[in-house]
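Trainee: I'll drop the sequence and a predicted model, then ask my questions.
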Amino acid sequence: MTFPTRRSPVRLIALIGLAFSLAFARPSLPQARQPQLPNPGSTMLTRQQQQQIGFQAAAEIYKQMPILPDSSPETQYVRQIGQRLVATIPAANSWPFQFHVVAQKEINAFALPGGEMFINVGTITAASNEAELAGVMAHEMAHVYMQHSAKQMQKAQLTQGLAGLAGAILGDRAGALGSLGQAGIKIGAGMVMLKYSRGDEAQADDVGAIILYRARYNPQAMADFFQKLEAQGSTGPQFLSDHPNPGNREAAIQKEIRSWPAVNYSTGNAAFNEARQQALTVKTYTANEIAQGAKTGQWNALNKRNGAVLTPPPGLAISPASQAGGSAAGRVPWNDVAPSSSFAFTDLGLIKMVRPGNWPVTAPQQQGQSLIIAPRAAVVAGGVGYGVVLNAVTPRDKSMTIDQVTDAIVRNLQSGGNLQPVGKAAAITVAGAHGRSVYLESTSPIPDANGQPQKERDRLVTIPRQDGTVIFIVFVAPEHDYNRLSPTFERMLKSMQF
């Protein structure tokens, strides 16, 4: 094709530029009174820590629930919606969201710290249109954006040091479970429970509505879906149990969006109808069936067979090193852990005490973790096999007695592994303070000479301070070696000064 030679080259370029802009222009949202996402604030957890906790929880879910593979049409469709919603969040406050679909009949959805989100097949089939499904996802995305689970840590001061203590003694799994508990996540028997307050729910509604609006979905659809769930009454879905109604939910959402500039909302109903029909053909399971299958390992095996494999987001290490940077657990000769005859007086901050000269001090790398005094060979990826672990906690309830705090610490350690108390706590005086001492049994992270699991004996000592802080110390050794180390432990304990 040729153009008339007499047309001005400048005029021709202008016309081509105009045609190009008309062909590829996108309608923009009105600029007046645009709703802006709020500042999500800060938490005691770093971004990396939140991602690690969320990924650990997601890994447990893949073991306890049937998950569709990433290649499934349902997962691909949900991810398309998710990416559209994520695009509305400024990069500085966004997260590496990952979207997964659970083959469960009931309506539910939940998102973990760091951005791992799970949507039940039942939620897809219960929605009337794409905007309703996007509304559920935007609500969950808002929980992550506002860091609601992570902020639960700031409301539970008693547990801040406990997870670090459990992780140091019982190993990576105990530390992971403790971190999940601190973030308000409980996983068991195929169910997931997150601690959300009514205030959290109201805020997730508000922020979710803004995300929907910015993605060109009608925020009213979120209110419509929640109203549909509420209509089911006391027999309603698990979603309502995990997400308490903040009250007048529909009216609050309508009030929020009333003043926003009108835009042309998209529906995406053709794609939704196709995805919903496809979802109706998926084999799904009830909550009870999932709980039973979790106990037998059915879903872990099924997911692996179907190719439903969890992959970490970019930049996240899937096997975090132990706090002290130890190596994998293996047999440790006595000569490598035996305390030296010379002792060093050491200032640890809250306390001062002596320690064997060949047992170095490993300071905590982040808040909540424990300080470790142990021979290097005894600190492995599974925990501490020989040595001393120290931490401190300030109970939120100032009326708690030393017996109650001691019991709380023991219960926390029990929740992280197979550790059990031996007898009752006894009174003990350390540096003039009246504390408690209790012996415990567990499995050592270090195998015996034959490479087999061996019993471990631990002694927990709790010491209250005048400022309300409770210092707690655990002396650790395999059962058959504990008596050999007992004189060393006693010397360290008696040397303590505040």
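Mentor: It's in. Numbering: from 1, shown residues only.
Trainee: can you report phi and psi for residue 462?
Mentor: Main-chain torsions, residue 462, degrees, to the nearest 10: phi -110, psi 140.
Trainee: any idea how far residue 80 is from it?
Mentor: 53 Å (Cβ to Cβ, to the nearest Å). Heads up, the C-betas are built off the backbone N, CA and C, glycines and all.
Trainee: what about these two, which has more around it?
Mentor: Ranked by neighbour count (other Cβ atoms under 10 Å), residue 462 and residue 80 place residue 462 first, with 25 against 14.
Trainee: give the contact list for the more buried one.
Mentor: Applying Cβ atoms under 8 Å, 6 or more residues apart in numbering to residue 462 gives the contacts 402, 405, 406, 409, 435, 436, 437, 470, 471, 472, 473.
Trainee: now swap in residue 96 and tell me
Mentor: Neighbouring residues of residue 96 by Cβ under 8 Å, 6+ apart: 51, 114, 115, 313, 314, 316.
Trainee: element containing it?
Mentor: Using DSSP states H and E, residue 96 falls within no helix or strand.
Trainee: please tell me how far residue 88 sits from residue 38.
Mentor: Residue 88 sits 14 Å away from residue 38 when distances are taken as Cβ to Cβ.
Trainee: the more surrounded of those two?
Mentor: Counted by other Cβ under 10 Å, residue 88 and residue 38 do not tie: residue 88 has more neighbours, with 18 against 14.
Trainee: surely the more buried one touches residue 209?
Mentor: No - contact criterion Cβ atoms under 8 Å: residue 88 and residue 209 do not qualify, at 11.6 Å.
Trainee: would you map the helices across the stretch 1-150 of the chain?
Mentor: Applying DSSP state H, counting those that start in this stretch to the stretch 1-150 of the chain gives helices spanning 9-24, 47-64, 73-86, 121-126, 130-145, 148-151.
Trainee: least confident of those, on average?
Mentor: Sorting the helices of the stretch 1-150 of the chain by mean pLDDT places helix 9-24 lowest, at a mean of 34.
Trainee: rewinding a little: of the contacts of residue 462, which belong to helices?
Mentor: Among the contacts of residue 462, the ones falling in helices (DSSP state H) are 402, 405, 406, 409.
Trainee: would you list those in a markdown table and tack on neighbour count and pLDDT?
Mentor: Putting the ones in helices among the contacts of residue 462 into a markdown table (neighbours: other Cβ atoms under 10 Å; pLDDT from 0 to 100) gives the following:
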| residue | neighbour count | pLDDT |
| --- | --- | --- |
| 402 | 17 | 94 |
| 405 | 20 | 90 |
| 406 | 23 | 92 |
| 409 | 25 | 86 |
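Trainee: pop the domain breakdown of this structure in here.
Mentor: What automatic domain parsing lists as the domains of the chain is 47-306, 334-494.
Trainee: pLDDT weak spots in the stretch 101-250 of the chain?
Mentor: 153-184, 186, 188-191, 193, 232-247 (pLDDT under 70).
Trainee: quick one: mean pLDDT for whatever helix or strand residue 353 lives in?
Mentor: Element membership for residue 353, per DSSP H and E: strand 352-356. Averaged across strand 352-356, pLDDT comes to 95.
Trainee: send me it as PDB with only the CA atoms.
Mentor: Taking Å, rounded to 0.1, in the frame of the first residue of the first chain, the C-alpha atoms of strand 352-356 are listed here in PDB:
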ATOM      1  CA  LYS A 352      25.600 -12.700  84.400                       C
ATOM      2  CA  MET A 353      26.900 -16.200  84.900                       C
ATOM      3  CA  VAL A 354      29.900 -18.500  84.300                       C
ATOM      4  CA  ARG A 355      30.100 -20.900  81.400                       C
ATOM      5  CA  PRO A 356      32.600 -23.600  80.300                       C
END
